[in-house]
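Student: A predicted structure for the sequence below; I have some questions about it.
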2 protein chains.
Amino acid sequence: MTEAVKDRVIRVPVELGERSYEIRIGHNLLPSVGPAAAELGARKVAVVTDANVAALHLDTLRRSLAEAGVGISEIVLPPGEATKSFRHLEEVCAKLLEARIERGDLVVALGGGVIGDLAGFAAAILRRGVRVLQVPTSLLAQVDSSVGGKTGINMRAGKNLIGAFHQPSLVLADSSVLDTLSPREFRAGYAEVVKYGLLGDADFFDTLERDWENVFLGGTARMSAIATGCAAKAAIVARDETETGERALLNLGHTFGHALEAAVDYDGTRLVHGEGVAIGMAAAFRFSAELGHCSTGDAERVESHLRAVGLPTRVSEIPGEIGSAAHLLDLMGQDKKVKAGKLTFILVRGIGQSFIAGDVPPESVLAFLENWVRR
Amino acid sequence: MTEAVKDRVIRVPVELGERSYEIRIGHNLLPSVGPAAAELGARKVAVVTDANVAALHLDTLRRSLAEAGVGISEIVLPPGEATKSFRHLEEVCAKLLEARIERGDLVVALGGGVIGDLAGFAAAILRRGVRVLQVPTSLLAQVDSSVGGKTGINMRAGKNLIGAFHQPSLVLADSSVLDTLSPREFRAGYAEVVKYGLLGDADFFDTLERDWENVFLGGTARMSAIATGCAAKAAIVARDETETGERALLNLGHTFGHALEAAVDYDGTRLVHGEGVAIGMAAAFRFSAELGHCSTGDAERVESHLRAVGLPTRVSEIPGEIGSAAHLLDLMGQDKKVKAGKLTFILVRGIGQSFIAGDVPPESVLAFLENWVRR
Ligand SMILES: NC(=O)c1ccc[n+]([C@@H]2O[C@H](COP(=O)([O-])OP(=O)(O)OC[C@H]3O[C@@H](n4cnc5c(N)ncnc54)[C@H](O)[C@@H]3O)[C@@H](O)[C@H]2O)c1
Ligand SMILES: NC(=O)c1ccc[n+]([C@@H]2O[C@H](COP(=O)([O-])OP(=O)(O)OC[C@H]3O[C@@H](n4cnc5c(N)ncnc54)[C@H](O)[C@@H]3O)[C@@H](O)[C@H]2O)c1
């Protein structure tokens, strides 16, 4: 890696009036968490993380905070989607109170999307809102969950059904920290990178088709891909902070994906979030093609790129039983994206051309699902 | 009661830009909940209430909603402060999801401050925010907790430590519903009415001294007192929605009061919130007098009015042990109103002249408390 890469920090602004903040993307950024916390005026922080990430990266953070003279308490949770629960939310809240975290202090979310969503939500409701610094350590969290202020937990009835909008004060995305991520998790996060190409940037998708191996390897290509993803998300969020319109485009592949995650009961050994999104994006293209919105060629091109990087595109690739089409439809029905009995899907007219279809009749979804679950 | 009173509805606007709403105060307003829900475009509502209120008033609501063609599900909780807990928050969220309450629907909070705070908080975090219609049934809730958007639950570490700002879409305060309130609860709510006089409106305090018996009896005097309280709160909230400044004045008496509630472990048989506030306001005046900010005469006048209506003004009136001054100070320290180790108190220069004292040294509070707990 050249010096230029090592020292370069890409800054992506998220423009939200008085809630504006910056995403910093660079190699070896973890040691800058201490100075950043001090810069934000925090006398002490509570780091929320999971056991996997703690074992690999907490020490670096600890040292950086100590050097910057910032007090630290640590809340280490079990890894996995099941941690995004009421029980762990209560635990984090209680521990933040024990640590006497107040309005001037900071919650630091060090981890993947699970930690970012849970710690961000705890920060949102602690004393009706304390600041949070997002330090995403998974690719998915760096390009997606740490940006835009959606936080929350899961309920039996579905994912992310309880939560808050709570923008971070800063996002520090250390792209080298992804070197310790398992290949499976890296690939899962990559699905969200591809999503930005598919939903609105055909050129970016072209680049990824050509250059994905370098993104997986690290270096400049990885930093650029993360920055492009963040910039795309930041632009959409700036125009529609609380998802009353356009922001829904970010859910491309997610309505299908969430239903699959629910169908496996959020069992990460069978399906991780990004894999659900990959299968879901493939489904969104197929469904769009069936409805006559886009060409079958585009749907095939999407599937072939996802397959090339090793992502699943079919329900049959998920180990074990998934259940009937009707069951999946029901799982979609309890999703947040329901409005007056009609289903909202993000569909496409082609690569880079997504749109919100607000009144998809449950029947046509069911007909599609009947075939889809058997593929 | 004259026709004029029966038909009069006082409307107090709360000006908060796109979050603006109205408080309607009148006799026999419960039957207007159905039309109001329909007016807000809700196809169905979930009514959250407690067992006491359900037994007395749920039927009226049910009928009114049915007549307006609005669907209803009911969530009835045990009465009492202990209901403002994580456990019941989870229960309410799960039941709201079961009832498939979505963004276009409404949560109706029918009850005192406990229900308003809990149901309001659940609405704030359900699908990251659904609308809530506050139907306060205690005097305290009508003049205070239902207005202004503060919602939340208690933690072992203190009251209201977890919560959100979530403004209601409408507040319907039925002043005749207070006829079923116990005299003790009515008096407790009256303490918050007095608060508005003490913190910024000496004329209102004069009126209350003269006319309090009519407020207790009902009719026009009660409606006016509620409206004056609501208008005072609305004005302060409009200027400082998220309590970065002036809104803290509403905490007159509350720092002391909360510590007492915590000291009795939120045991409502020993002390209800408004009683804590009454003792707390008496304390705030005494403490202000001791510090030379206000006359002893004013402190005595406040105590004498509170005593006249049957409210406690001294720690010794609370049955059982309260604990040491140091213990109370510690309970204050974990309160939200701490900033960098210095205590913030709302003090007074006289009746109607409160101010925020942001750097009260813990020592002078301790010295005051040493005497105060023995009075
Ligand atoms: N808030 C949003 O806008 C948003 C958007 C998309 C997804 N999400 C949420 O994000 C979650 C998924 O995020 P995720 O995929 O990051 O899951 P995750 O947080 O569970 O992380 C995946 C796994 O990787 C491990 N890990 C993380 N960083 C590591 C590193 N640097 N080295 C080694 N191991 C590491 C974790 O311990 C975990 O086992 C889901 O709950 C989803 O709902 C939220
Ligand atoms: N959110 C805010 O801004 C704010 C402000 C002040 C107080 N609060 C909160 O409000 C709560 C106290 O409110 P509260 O005093 O109304 O307590 P509450 O809700 O417990 O009600 C008091 C009692 O009166 C009963 N009750 C209510 N209405 C009745 C009626 N019409 N007839 C018969 N019984 C009735 C209830 O069942 C309960 O037993 C505290 O938790 C406090 O923290 C919140």
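Tutor: Alright, I've got the coordinates. Ligands and ions are numbered 1, 2, ... in the order given.

Student: When you work out contacts or count neighbours from here on, use the C-alpha atoms and nothing else.
Tutor: Noted.

Student: what are the ranges of the helices in the stretch 251-375 of chain A?
Tutor: A:254-263, A:273-290, A:296-308, A:325-333, A:362-372 (DSSP state H, counting those that start in this stretch).

Student: looking at those, which has the lowest confidence?
Tutor: In terms of mean pLDDT, the lowest-scoring of those is helix A:325-333 (a mean of 86).

Student: what angle sits between that one and helix A:254-263?
Tutor: Relative orientation of helix A:325-333 and helix A:254-263, computed by axes from the mean of the first three to the mean of the last three C-alpha atoms, to 10 degrees: 110 degrees.

Student: just for chain A, where's the confidence low?
Tutor: A:1-7, A:333-341 (pLDDT under 70).

Student: can you pull the buried residues of stretch A:350-362?
Tutor: Buried residues in stretch A:350-362, counting neighbours by 16 or more other C-alpha atoms under 10 Å in any protein chain shown, are found at A:350-356, A:362.

Student: Excluding its own residues, what touches it? List them.
Tutor: Here stretch A:350-362 makes contact (C-alpha atoms under 8 Å, 6 or more residues apart in numbering or on different chains) with A:196-202, A:205, A:246, A:248-249, A:252, A:293-295, A:298, A:329, A:342-349.

Student: coming back round to it: determine which stretch of the helices of the stretch 251-375 of chain A is the most buried.
Tutor: Highest mean neighbour count of these: helix A:273-290, a mean of 26 (counted as mean count of other C-alpha atoms under 10 Å in any protein chain shown).

Student: Buried residues, stretch A:237-245. List them.
Tutor: Residues of stretch A:237-245 classed as buried by neighbour count (16+ other C-alpha under 10 Å): A:237-238, A:240-242.

Student: thinking again about what came up before, I'd like the helices of the stretch 251-375 of chain A laid out as a markdown table, including distance to B:Val114.
Tutor: Shown next, in a markdown table, are the helices of the stretch 251-375 of chain A (distance: least, C-alpha to C-alpha, whole Å):
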| stretch | distance to B:Val114 |
| --- | --- |
| helix A:254-263 | 34 |
| helix A:273-290 | 38 |
| helix A:296-308 | 51 |
| helix A:325-333 | 32 |
| helix A:362-372 | 40 |
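
Student: Next to ligand 1, which bits of the stretch 201-350 of chain A? Give me the list.
Tutor: A:His273 (C-alpha under 6 Å from any ligand atom).

Student: next SSE after the helix or strand in which A:Leu172 is found?
Tutor: Assigned by DSSP states H and E, A:Leu172 falls within strand A:170-174. Counting by DSSP H and E, the element after strand A:170-174 in chain order, helix or strand, is helix A:183-200.

Student: Could you tell me the angle between that following helix and helix A:273-290?
Tutor: Using the same axes, to 10 degrees, helix A:183-200 lies at 30 degrees relative to helix A:273-290.

Student: which residues sit against whichever helix or strand comes after helix A:183-200?
Tutor: With elements assigned by DSSP H and E, the helix or strand that comes after helix A:183-200 is helix A:202-217. Counting by C-alpha under 8 Å, 6+ apart, helix A:202-217 makes contact with A:186, A:194, A:196-198, A:221-223, A:225, A:305, A:309, A:351-352, all of which sit outside it.

Student: And helix A:202-217, what's buried?
Tutor: A:202, A:204-205, A:208-209, A:212, A:215-216.

Student: got the angle between that helix and helix A:296-308?
Tutor: Orientation of helix A:202-217 against helix A:296-308 (the same axes, to 10 degrees) gives an angle of 10 degrees.

Student: elements contacting the next helix or strand after helix A:202-217?
Tutor: Heading C-terminal from helix A:202-217, the first helix or strand you meet, by DSSP H and E, is helix A:220-239. With contacts taken as 3 or more C-alpha pairs under 8 Å, 6 or more residues apart in numbering or on different chains; DSSP states H and E, helix A:220-239 sits against strand A:9-14, strand A:21-26, helix A:183-200, helix A:202-217.

Student: Not counting helix A:220-239 itself, show me its contacts.
Tutor: For helix A:220-239, contacts defined as C-alpha under 8 Å, 6+ apart pick out A:5, A:10, A:12-16, A:23, A:25-27, A:139, A:142-144, A:147-148, A:175, A:193, A:196, A:211, A:214-216, A:246-247, A:250.

Student: just how off-centre is it within its chain?
Tutor: Its chain's average C-alpha position is 12 Å from that of helix A:220-239, according to C-alpha atoms, centre = their mean, to the nearest Å.

Student: Please work out which residues outside the helix or strand A:Ala66 falls within touch it.
Tutor: For A:Ala66, the host element (DSSP H and E) is helix A:59-67. Residues outside helix A:59-67 that contact it (C-alpha under 8 Å, 6+ apart): A:30-35, A:37, A:71-72.

Student: In helices only, show me these.
Tutor: Judged by DSSP state H, the contacts of helix A:59-67 include A:33-35, A:37 as members of helices.

Student: would JSON lines of these with distance to ligand 2 and neighbour count be doable?
Tutor: What follows is the ones in helices among the contacts of helix A:59-67, written out as JSON lines (distance: C-alpha to the nearest ligand atom, whole Å; neighbours: other C-alpha atoms under 10 Å in any protein chain shown):
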{"residue": "A:Val33", "distance to ligand 2": "36", "neighbour count": "23"}
{"residue": "A:Gly34", "distance to ligand 2": "36", "neighbour count": "24"}
{"residue": "A:Pro35", "distance to ligand 2": "37", "neighbour count": "17"}
{"residue": "A:Ala37", "distance to ligand 2": "32", "neighbour count": "25"}
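
Student: Quick check: of these, which lies closest to ligand 1?
Tutor: Taking C-alpha to the nearest ligand atom as the measure, ligand 1 lies nearest A:Val33 of the ones in helices among the contacts of helix A:59-67, at 15.2 Å.

Student: ok, the closest one to B:Leu311 distance?
Tutor: 52 Å (C-alpha to C-alpha, to the nearest Å).

Student: For the residue most central in space within chain A, which non-adjacent residue is closest in space?
Tutor: Geometric centre of chain A, nearest residue: A:Ser145, 3.3 Å, by C-alpha atoms, centre = their mean. The shortest distance from A:Ser145 to any non-neighbouring residue, by C-alpha to C-alpha, 6 or more residues apart in numbering or on different chains, is to A:Gly113 (5.5 Å).

Student: Next, count neighbours for that neighbour.
Tutor: When neighbours are defined as other C-alpha atoms under 10 Å in any protein chain shown, A:Gly113 has 27 of them.

Student: Correct me if wrong: it contacts A:Val143.
Tutor: No: with contacts counted by C-alpha atoms under 8 Å, A:Gly113 stays clear of A:Val143, the gap being 10.2 Å.

Student: neighbours around A:Asp267, how many?
Tutor: 15.

Student: Which secondary structure state does the most far-flung residue of chain A relative to its centre sit in?
Tutor: Distance from the centre of chain A peaks at A:Gly69, with 31.4 Å (C-alpha atoms, centre = their mean). Three-state call for A:Gly69 (DSSP: H, G, I helix; E, B strand; the rest coil): coil.

Student: Now for it: which residues touch it?
Tutor: By C-alpha under 8 Å, 6+ apart, the contact list for A:Gly69 reads A:34, A:38, A:43.
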